[in-house]
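Asks: sequence? don't have it. structure:
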């Protein structure tokens, strides 16, 4: 089934202890689309200026990403982000943000997108996220990303509640869920969020993996163990892309389906962080995802006590 | 099989955002012994002053902990530690340390301890840890804890290598393994440590669980999800107690046995952090460990792709 994503395309400047990359393709919707399009067909809604080179858009087209929802502002400049990571790469230090055409972005979905069953609302103004949901006739599973920026501002924070009420999954990192709920304990915080509408809360913990909390249960997935991590930019959106892409591919939104989709998310994010920008995702092939899925299963599985001869 | 532990008994003063506890029983060997003694018989080597009340020692005796290796210094004072945790309870802020009788501790094992097959060297001077190994005639599995304090001092750091060479498992947290190996990536760091002698490196990640790296494979265990965490003091030693206690109980040091012992460690640590000091461990019952073992299995297990009807 096809999967609609609404979010940013950007130029990124990235510095990590392992090198730097300048003016590379970035933005939540880029990472998400490249992550998900290995698994399912992706329809993108975003905005760029005249400065976005065709060769960057070709990276998306080559993966079959539908760009008919991409707005181009002829006299505008594309969103830019610059960030730096120290050795503790769990924290990005934003050096510069230039919203440019993204500041006036009004997502308008082409008719061909409106029957989509799977929708991912990347980090844009909560009021715009709500507008997107309203343009989809019968969404089956909507994933929502959010950010400390909207949580910290009382006005945009107030706009978040009606969005959260209408989505199936909320993606937040540790700090965001604590900030939004005011509860330090992550499991208590997730349960509080569940009472507000979503079926599942997906807590992203960077190099420590992710945890899903729902009324159906808890599922903890490890990050895929890597000996090389070069650039964590886009890890969260790649995780979401792997997750939503798998849901759409399998058409399975059962709790078992959600667990597996979490593992896909974790594995897909591992490809993203192994190289700068989207380079790791561009090289990722479907069969590699399945290989790492199985490896991660071996790294985390253990037998029940009853199966053991010794207890 | 019996399990020898060498480490500290202490008085702790603990402050967390959820309350405080003063002059409570603490020290690595207390947590370890109370954690492991639910699973196997524990023989303790430690030192206390005249100020250690019998009622504290009775807590250990009631669990069957053998105290014949406990030295008492009639004119001495017991080791004291005071620490505070902020909301981010992964980091302890040490407010005060008084080594007292622990400063002159020379572990001397009673004859009845020297046939032990399982040994845990808690955080004491590396040169003393080596002395303990030499007093055990034929150890089958030796676990070693270490600490930033010894790694940071060139002299004691030099003493660590001959100990690491002779143990089976090294327990370190993220910061310690990075500091000791000089490698930021944890998997690279663990592989480097493996070349120095141990069979397995056990990386403790606090609320994010633990990872075992050996030449036989990698195993990632989640922390047991808790809605209440009151005091993380002793979590690492409780993890080690659950791990070593299970190994000794099952007599199974295969890679499968090590995986299960990791899960025992994670579960036992969850009881420790639910209450102040050793209170959580004192209430822990064997059947509760098995319940949480099974729950954690459910929280982390997922099916192989080949088993799925959808892929």
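Replies: Cool, the structure landed. Everything quoted here is computed from the prediction, not taken from an experiment.

Asks: quick check: residues of the stretch 151-300 of chain A near chain B?
Replies: A:184-185, A:187-188, A:191, A:205, A:208-209, A:211, A:217-222, A:225-229, A:249-252, A:256-257, A:259-260, A:263, A:290, A:293-294, A:297-300 (Cβ under 8 Å from any Cβ of the partner chain). Bear in mind the C-beta positions are built from the backbone N, C-alpha and C, glycine included.

Asks: mind listing which of these are in helices?
Replies: Using DSSP state H to define helices, the subset of these located there is A:187-188, A:191, A:249-250, A:256-257, A:259-260, A:263, A:290, A:293-294, A:297-300.

Asks: once you drop chain neighbours, what's closest to the most centrally placed residue in chain A?
Replies: Nearest to the geometric centre of chain A sits residue A:237, at 2.5 Å (Cα atoms, centre = their mean). Closest residue to residue A:237 apart from its sequence neighbours, by Cβ to Cβ, 6 or more residues apart in numbering or on different chains: residue A:31 at 3.9 Å.

Asks: coming back round to it: and the helix or strand where the residue nearest to the centre of chain A lies, what other elements does it pack with?
Replies: Using DSSP states H and E, residue A:237 falls within helix A:235-250. Helices and strands touching helix A:235-250, by 3 or more Cβ pairs under 8 Å, 6 or more residues apart in numbering or on different chains; DSSP states H and E, are strand A:3-6, helix A:28-36, strand A:118-121, strand A:141-145, strand A:169-173, strand A:200-204, helix A:255-273.

Asks: columns mean neighbour count on top of the ones you listed, output as a markdown table?
Replies: Output for these, formatted as a markdown table (neighbours: other Cβ atoms under 10 Å in any protein chain shown):
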| stretch | mean neighbour count |
| --- | --- |
| strand A:3-6 | 30 |
| helix A:28-36 | 31 |
| strand A:118-121 | 29 |
| strand A:141-145 | 24 |
| strand A:169-173 | 25 |
| strand A:200-204 | 25 |
| helix A:255-273 | 25 |
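
Asks: can you put the ones you listed in a markdown table and add distance to residue A:103 and mean pLDDT?
Replies: Output for the helices and strands packed on helix A:235-250, formatted as a markdown table (distance: least, Cβ to Cβ, whole Å; pLDDT from 0 to 100):
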| stretch | distance to residue A:103 | mean pLDDT |
| --- | --- | --- |
| strand A:3-6 | 16 | 98 |
| helix A:28-36 | 16 | 98 |
| strand A:118-121 | 18 | 98 |
| strand A:141-145 | 19 | 97 |
| strand A:169-173 | 23 | 95 |
| strand A:200-204 | 26 | 96 |
| helix A:255-273 | 27 | 97 |
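
Asks: save those as CSV, and put in distance to residue B:68 too.
Replies: Listed next are these as CSV, based on distance: least, Cβ to Cβ, whole Å:
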stretch, distance to residue B:68
strand A:3-6, 66
helix A:28-36, 60
strand A:118-121, 63
strand A:141-145, 59
strand A:169-173, 51
strand A:200-204, 48
helix A:255-273, 49
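
Asks: so which of those is nearest residue A:18?
Replies: Smallest distance to residue A:18 across the helices and strands packed on helix A:235-250 (Cβ to Cβ): 10.8 Å, for helix A:255-273.

Asks: next, the angle strand A:141-145 makes with the closest one.
Replies: 40 degrees (axes from the mean of the first three to the mean of the last three Cα atoms, to 10 degrees).

Asks: I'd like the next helix or strand past helix A:255-273.
Replies: Criterion used, DSSP H and E; the element after helix A:255-273 is helix A:279-283.

Asks: which residues sit against that next one?
Replies: The contact list for helix A:279-283, computed with Cβ atoms under 8 Å, 6 or more residues apart in numbering or on different chains, reads A:31, A:34-35, A:59, A:234, A:238, A:268, A:271-275.

Asks: this completes my enquiry, with thanks.
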